[in-house]
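Undergrad: no FASTA, just this:
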């Protein structure tokens, strides 16, 4: 297992081109399975999860090229309809191949996915939604064996919660079907809009993506296309938090402020100057941050759960007390114990964490348990005096291109 080394304190400043969105490119790569030809996907981040998706596509029989930030996928000759367990366990998002693979081949066999352990993220909503479309799903010794009973038929699906993954799998499965499918209480994240945009370029007829009710008019086949992935909003928040926490200033390019609208008031409340432009954001940090009264995670367009640990690290040395309330995942405070090792003053009870700002942080050996927790430790390491060693560098590399963080060393 590799580690990240940081010799702090180090300011995070400068000009950055934000990488493409991890949570957007992964379902889009899965969607290329539906095309019977060559798709060109631009603005792709070079991260572990993208490399894993390429492994899955190659295994299925696609031909993939990763050149710079562009991935070219030719899915004309798909020869398999199953995904090995070792590939499924590498990332949670591997389940998104289910809807695409069933639509393309009529069958799919895969195991339950792996990924970060941040609390229960059951895939039952994915499975029940696909069953409503006419897909038979059997769990045989931990393997999902799925097939189309007759044909995929449009229907009305009401999600009990606005699940991003379930919404994506419905889009992939229902785009080629008989009739019209509606998704009530659909996820509204920008990544859903980006996936729908890609599918529509391939010939799909998807309406109202980004709202709570999505309408999908089934078609008979897809075309190949070219698409540029939206920029990563969580990476943007991470860079802004890193600059704020270390007293730096930076300019983010290739990012619409609309993607992180719910987090900008947090930066401003902490004392940062934030300037917003059509496709860029500038931040200037004060000498010392102020606390933020309350941060409550919510589904989009609310404050993202993925940003909770990142902003918590940013506020470790702020004046006053900040309160965090986690409403999405019940086990998303694993980073707290590690931040305390660096000198943070944090108390938690259930889904509430209270951060009292401290004067200094000191480097230590800590451990990452998930992707965003790893990002919080990187930020805290940049804010700390001395050397910080973070075990579990692979979690960080699942979602972040290391070229964005020249101050950290991988060993």
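TA: Yep, that arrived. Note that this is a predicted model, so its numbers are computed, not measured.
Undergrad: where does the stretch 101-250 of the chain dip in pLDDT?
TA: Flagging of the stretch 101-250 of the chain using pLDDT under 70 yields the residue ranges 113-122.
Undergrad: where do the helices sit along it?
TA: In the stretch 101-250 of the chain, the helices defined using DSSP state H, counting those that start in this stretch lie at 124-132, 164-174, 190-201, 233-246.
Undergrad: Run through who's touching the third one.
TA: Counting by C-beta atoms under 8 Å, 6 or more residues apart in numbering, helix 190-201 makes contact with 21, 23-24, 27-28, 31, 34, 164, 167-168, 171-172, 175, 186, 204, 206, 209-210, 214, 222, 225-227, 229-230, 233, 259, 300, all of which sit outside it. For every residue, glycine as well, the C-beta is placed using N, CA and C.
Undergrad: And for stretch 79-94?
TA: Looking at what lies outside stretch 79-94 - C-beta under 8 Å, 6+ apart - the contacts are 23, 26-27, 48-49, 52-53, 55-56, 59-61, 95, 97, 101, 104-116, 121, 143, 165, 398.
Undergrad: could you flag which of those residues are buried?
TA: Neighbour-count burial (16 or more other C-beta atoms under 10 Å) applied to the contacts of stretch 79-94 gives 23, 26-27, 48-49, 52-53, 55-56, 60, 95, 97, 101, 104-105, 108-116, 121, 165, 398.
Undergrad: hang on, the earlier thing: looking at the helices of the stretch 101-250 of the chain, which is closest to residue 342?
TA: Nearest to residue 342 among those is helix 233-246 (11.9 Å), distances taken as C-beta to C-beta.
Undergrad: buried stuff in that closest one?
TA: Neighbour-count burial for helix 233-246 flags 233-246 (criterion: 16+ other C-beta under 10 Å).
Undergrad: swap in stretch 310-319?
TA: Neighbour-count burial for stretch 310-319 [16+ other C-beta under 10 Å]: 310, 311, 312, 313, 314, 315, 316, 317, 318.
Undergrad: isn't the fifth one right next to residue 241, touching?
TA: To tie it back to what came earlier, the one meant is residue 314. Yes - between residue 314 and residue 241 there is a contact under C-beta atoms under 8 Å: 4.0 Å.
Undergrad: Give the residues shared as contacts by the two.
TA: By C-beta under 8 Å, 6+ apart, residue 314 and residue 241 have these common neighbours: residue 379.
Undergrad: Tell me the spatial nearest neighbour of residue 21, not counting adjacent residues.
TA: Spatial nearest neighbour of residue 21, excluding adjacent residues (C-beta to C-beta, 6 or more residues apart in numbering): residue 232 at 4.1 Å.
Undergrad: correct me, but the one you found touches residue 17?
TA: No - with contacts counted by C-beta under 8 Å, residue 232 stays clear of residue 17, the gap being 11.1 Å.
Undergrad: Who has more neighbours out of the two?
TA: Remark: of residue 232 and residue 17, residue 232 carries more neighbours, 28 against 15, as counted by other C-beta atoms under 10 Å.
Undergrad: re the thing from before, of the buried residues of stretch 310-319, closest to residue 389?
TA: residue 313 (16.1 Å).
Undergrad: sec struct for that closest one, please.
TA: Secondary structure assignment for residue 313 (DSSP: H, G, I helix; E, B strand; the rest coil): helix.
Undergrad: got it, and the one 10 residues further on?
TA: Reduced to three states with three-state DSSP, the structure at residue 323 is strand.
Undergrad: Counting neighbours, what do you get for it?
TA: Using other C-beta under 10 Å, residue 323 is surrounded by 14 other residues.
Undergrad: Now do the contacts for it.
TA: 293, 294, 295, 352, 353, 354, 355.
Undergrad: which non-adjacent residue is nearest residue 257?
TA: Setting aside the residues directly before and after it, residue 257 is nearest to residue 276 in space (C-beta to C-beta, 6+ apart), at 4.1 Å.
Undergrad: And for residue 14?
TA: Closest residue to residue 14 apart from its sequence neighbours, by C-beta to C-beta, 6+ apart: residue 250 at 5.7 Å.
Undergrad: same deal with residue 133?
TA: residue 152 (5.0 Å).
Undergrad: Distance of the one you found relative to residue 192?
TA: 20 Å (C-beta to C-beta, to the nearest Å).
Undergrad: Check residue 313 too.
TA: According to C-beta to C-beta, residue 313 and residue 192 sit 28 Å apart.
Undergrad: what ranges do the strands span in the stretch 251-400 of the chain?
TA: 273-276, 280-284, 294-296, 321-325, 345-349, 352-356, 365-367, 386-391 (DSSP state E, counting those that start in this stretch).
Undergrad: Select, out of those strands, the one closest to residue 218.
TA: Counting by C-beta to C-beta, residue 218 lies closest to strand 294-296 out of those; the figure is 38.5 Å.
Undergrad: Each with direction, which strands does that closest one pair with?
TA: Pairing partners of strand 294-296, with direction, according to DSSP bridges: strand 321-325 (parallel).
Undergrad: what about the strand it pairs with, average pLDDT?
TA: For strand 321-325, mean pLDDT is 97.
Undergrad: now swap in stretch 363-380 and tell me
TA: Averaged over stretch 363-380, pLDDT sits at 97.
Undergrad: Residue 298: neighbouring residues, count only.
TA: Neighbours of residue 298 using other C-beta under 10 Å come to 13.
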